[in-house]
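J.: Next input, structure requested:
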Amino acid sequence: MAWLENSIMGRSAIARGQIREKHRLSEEAQGNFHYVYGPYVEPVMQIAPGAVVEIETLDAFGGAIKTELDLPSQVLNMPFVNPQNGPIAIEGAEKGDVLAVYIKSIYPRGPQPVGTTALIPSFGALVADSNLMLNAPTPERVKKMNVTPEGGVKFSDRVTLPYEPFIGTMGVSPEIEAISSLQPDYWGGNMDCPDVAPGAIVYFPVQREGGFFYVGDCHGRQGDGELCGVAVEIPATVNLQIDLIKGWSIPGVRLETKDMIMALGSARPMEDAARMAYRDLVRWLVDGYEFEESEAYFLATQAGKMRVGNIVDPKYTMGASILKEYIEQKG
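T.: Below is the predicted model of the structure:
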């Protein structure tokens with residue numbers, strides 16, 4: 001891919017976007033899945049920069065919801081949800097580096113109906129009963145769907161939606177904390193941003209030796225905001241090309257595609273997440289594209305786009321982006 005060669009990963013990473021080895025992390029090889037991002041477990045494998053890893057992930061419910069009669073309140077063991085593969089250690093990764101993860105493909109796996117969504121009591125963006133109100137909980141319901149790349153998401157007899165897969169949760173270990181995999185922040189985590197999809201490179205600021213990369217929570221698709229709190233959750237086989245950029249200091253997660261760059265911010269309230277994302281985008285334009293700061297601020301104001309990742313997690317995620325065609329012009 002010509003654009004991959006000219007990407008930040010292709011220009012600056014150790015393997016320059018070239019594939020150097022291949023690995024497979026099956027469900028059986030993973031063994032115990034993890035529910036926190038942290039440095040206190042042994043890596044499940046160690047890879048060199050430039051490796052492609054095929055990974056078998058579980059859905060966000062760990063496969064516990066098998067039919068529409070399996071209500072979350074009855075079959076889930078909270079807080080043990082959102083299981084993560086990993087951690088994967090990357091040779092040579094140190095604090096102050098950046099892990100570059102190119103998402104090559106995401107395919108659903110397992111027997112149909114492989115997709116699950118649900119209404120969970122006291123959870124979601126439009127509930128008034130979030131453990132603070134006297135309102136009765138929202139009705140609990142599960143919806144199972146066939147999900148295939150060719151046929152899309154069979155939402156109902158009336159509606160079929162396109163298959164637009166992405167990874168809801170991935171990132172690197174914090175330096176000393178062990179944080180729930182339900183939480184997003186500067187290390188990545190549960191961002192639920194639909195742009196974290198095949199064809200994108202996601203950049204994570206390494207916090208500890210080896211990086212300790214985690215991934216899970218794949219989705220067949222999701223609308224902006226993940227409104228009810230649950231996307232089309234799928235177990236999946238993902239192929240990731242992982243590289244390492246030495247000495248690139250970034251404050252949080254960044255993303256690059258063929259056509260745009262995006263900075264992600266996670267916080268509450270939502271406007272703080274948006275400010276974090278736009279602030280990092282402006283500084284990226286200054287440091288990476290030689291804009292003067294006030295010009296970058298002007299440009300982001302007139303040409304920036306804001307993606308809503310989720311508005312339901314412990315922190316909300318917003319992504320501020322700009323098209324490359326505007327920032328790579330030379331006059």
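J.: From now on I want contacts and neighbour counts done on CA atoms only, so please keep to that.
T.: Noted.
J.: What count of nearby residues applies to residue 227?
T.: By other Cα atoms under 10 Å, 17 other residues sit near residue 227.
J.: tell me the contacts of it?
T.: Neighbour list for residue 227: 124, 125, 126, 310, 311, 312 [criterion: Cα atoms under 8 Å, 6 or more residues apart in numbering].
J.: Kindly report the same for residue 42.
T.: Taking Cα under 8 Å, 6+ apart, we find residue 42 in contact with residue 87.
J.: quick check, it in a helix?
T.: No: using DSSP: H, G, I helix; E, B strand; the rest coil, the assignment for residue 42 is coil, not a helix.
J.: do you know how far it is from residue 315?
T.: Separation of residue 42 from residue 315 (Cα to Cα, to the nearest Å): 27 Å.
J.: where along this structure do the helices fall?
T.: 2-6, 8-12, 27-30, 72-75, 270-289, 293-303, 324-327 (DSSP state H).
J.: Only the buried residues of the second one, if you could.
T.: Spelled out, that is helix 8-12. 8, 9, 10, 12 (16 or more other Cα atoms under 10 Å).
J.: So the third one versus residue 238, what's the distance?
T.: In this case it means residue 10. Look at residue 10 and residue 238: by Cα to Cα, they are 21 Å apart.
J.: for the first one, same thing?
T.: According to Cα to Cα, residue 8 and residue 238 sit 22 Å apart.
J.: Identify the residues contacting residue 233.
T.: 59, 60, 115, 116, 117, 217, 218, 219, 220.
J.: Touching, residue 142 and residue 70? I think so.
T.: Yes: contact criterion Cα atoms under 8 Å: residue 142 and residue 70 qualify, at 7.4 Å.
J.: what bits of the stretch 51-200 of the chain have low per-residue confidence?
T.: Scanning the stretch 51-200 of the chain with the threshold set as pLDDT under 70 gives 129-131.
J.: now the strands: where do they sit in it?
T.: 51-57, 84-90, 98-108, 115-119, 141-145, 147-148, 152-154, 160-161, 166-172, 179-180, 184-185, 188-190 (DSSP state E, counting those that start in this stretch).
J.: Ok, which of these comes nearest residue 249?
T.: strand 98-108 (7.1 Å; Cα to Cα).
J.: So what are the sheet partners of that closest one and their directions?
T.: When sheet partners are counted by DSSP bridges, strand 98-108 sits next to strand 201-205 (antiparallel), strand 236-245 (antiparallel).
J.: Buried residues in that strand, which are they?
T.: 98, 99, 100, 101, 102, 103, 104, 105, 106, 107, 108.
J.: Between the residues you listed, which sits nearest residue 27?
T.: Residue 27 lies nearest to residue 108 out of the buried residues of strand 98-108, by Cα to Cα, at 13.7 Å.
J.: Next one: the closest residue to that closest one other than its chain neighbours from residue 96, what distance?
T.: Nearest residue to residue 108, sequence neighbours excluded (Cα to Cα, 6 or more residues apart in numbering): residue 236, at 4.3 Å. As judged by Cα to Cα, residue 236 and residue 96 stand 31 Å apart.
J.: Relative to residue 296, which of the buried residues of strand 98-108 is nearest.
T.: Closest approach to residue 296 among the buried residues of strand 98-108 (Cα to Cα): residue 98, at 23.2 Å.
J.: Quick check: end-to-end length of stretch 2-11?
T.: Distance between the two ends of stretch 2-11: 12 Å, counting by Cα to Cα.
J.: returning to what we had before: dump the helices of the chain to JSON lines, plus distance to residue 65.
T.: What follows is the helices of the chain, written out as JSON lines (distance: least, Cα to Cα, whole Å):
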{"stretch": "helix 2-6", "distance to residue 65": "38"}
{"stretch": "helix 8-12", "distance to residue 65": "38"}
{"stretch": "helix 27-30", "distance to residue 65": "18"}
{"stretch": "helix 72-75", "distance to residue 65": "7"}
{"stretch": "helix 270-289", "distance to residue 65": "31"}
{"stretch": "helix 293-303", "distance to residue 65": "43"}
{"stretch": "helix 324-327", "distance to residue 65": "42"}
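J.: Alright, I will stop here.
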